[in-house]
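J.: Coordinates only, no sequence provided:
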């Protein structure tokens, strides 16, 4: 794959800087190498020592980043009655029941997250083939199937992210934007990584964090030492 001048310049800068000794060093370097003309997303990528084919080795969780992701989420709440007023007051972009279920069936998916009240899951469940592959299916474990729609919307708008291991045993999570200060990016990355480590499944054996990388949308990945980062986060 041929990379452009900005990417090559960023890669040279990273190589000159050498391997980062801490998460703070990695954050500083990834900000310096984010040179695109738009505000790049900063992502933590990890390869885990788990086998996702086994149910006792699945990694999935949610975490509220203290400084948000830098992205304004469009939230739909599937609910009825007084819950619609709660959703509206909490800042939901869309709220309702039959109208939006029908729109989704017809192909509308102009949202980033969906919350549903438990009483509607019989209908929402039928949308699984559409919502599941896009990561939009409401789920009790992620807090998006709940009668407390105000809390769910507030958390999503405030920086709550969901992460889950893919078939290749990888987990990717956004921890902010290149425009964030180093301090904010560092705090977000620390909070996410601590939760990822805490989510180690009981069935996982041997090394859990096999590799860690911090990168911007268009920049090269900054490799981290998993053992060193785990030790750093423990203090």
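T.: Alright, I've got the coordinates. These numbers were taken from a predicted model, which means no experiment stands behind them. Numbering: from 1, shown residues only.
J.: Run through the neighbouring helices and strands of the helix or strand harbouring residue 43.
T.: Take DSSP states H and E as the rule and residue 43 turns out to sit in strand 41-48. Counting contacts by 3 or more C-beta pairs under 8 Å, 6 or more residues apart in numbering; DSSP states H and E, strand 41-48 is packed against helix 23-32, strand 170-177, helix 182-198, strand 209-216. (Each C-beta comes from the backbone N, C-alpha and C, glycine too.)
J.: Moving C-terminal from that strand, which element do we reach first?
T.: Counting by DSSP H and E, what follows strand 41-48 is strand 60-64.
J.: Can you identify the element that follows that next one toward the C-terminus?
T.: Downstream of strand 60-64, the next assigned helix or strand under DSSP H and E is strand 75-78.
J.: That next one pairs with which strands, and in what direction?
T.: Applying DSSP bridges, strand 75-78 is found paired with strand 94-96 (parallel), strand 113-116 (parallel).
J.: Return the most buried member of those strands.
T.: The highest average neighbour count among the strands paired with strand 75-78, using mean count of other C-beta atoms under 10 Å, belongs to strand 113-116 at a mean of 27.
J.: I'd like the average pLDDT over that one.
T.: For strand 113-116, the mean pLDDT works out to 96.
J.: same question, stretch 143-151
T.: Stretch 143-151 carries an average pLDDT of 96.
J.: Ok, which of the helices and strands packed on strand 41-48 comes nearest residue 148?
T.: With distances scored as C-beta to C-beta, the stretch of the helices and strands packed on strand 41-48 nearest to residue 148 is helix 182-198 (21.0 Å).
J.: what packs against that closest one?
T.: helix 23-32, strand 41-48, strand 60-64, strand 160-164, strand 170-177, strand 209-216, helix 226-234.
J.: so which of these gets nearest residue 102?
T.: When the helices and strands packed on helix 182-198 are ranked by proximity to residue 102 (C-beta to C-beta), strand 160-164 comes first, at 25.7 Å.
J.: Please name the strands paired to the closest one in the sheet, noting orientation.
T.: strand 60-64 (antiparallel).
J.: Now the strand it pairs with: buried residues?
T.: Buried residues in strand 60-64, counting neighbours by 16 or more other C-beta atoms under 10 Å, are found at 61, 62, 63, 64.
J.: Wait, the third one touches residue 161, no?
T.: Which is residue 63. Yes. Between residue 63 and residue 161 there is a contact under C-beta atoms under 8 Å: 6.2 Å.
J.: May I have the phi/psi pair for the residue of the chain most remote from its centre?
T.: Distance from the C-alpha centroid of the chain peaks at residue 81, with 31.0 Å (C-alpha atoms, centre = their mean). Per-residue torsions, residue 81: phi 60, psi -130 (degrees, to the nearest 10).
J.: ok, back up a step: please tabulate the helices and strands packed on strand 41-48 in JSON lines, including the columns mean neighbour count.
T.: Listed next are the helices and strands packed on strand 41-48 as JSON lines, based on neighbours: other C-beta atoms under 10 Å:
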{"stretch": "helix 23-32", "mean neighbour count": "21"}
{"stretch": "strand 170-177", "mean neighbour count": "22"}
{"stretch": "helix 182-198", "mean neighbour count": "19"}
{"stretch": "strand 209-216", "mean neighbour count": "20"}
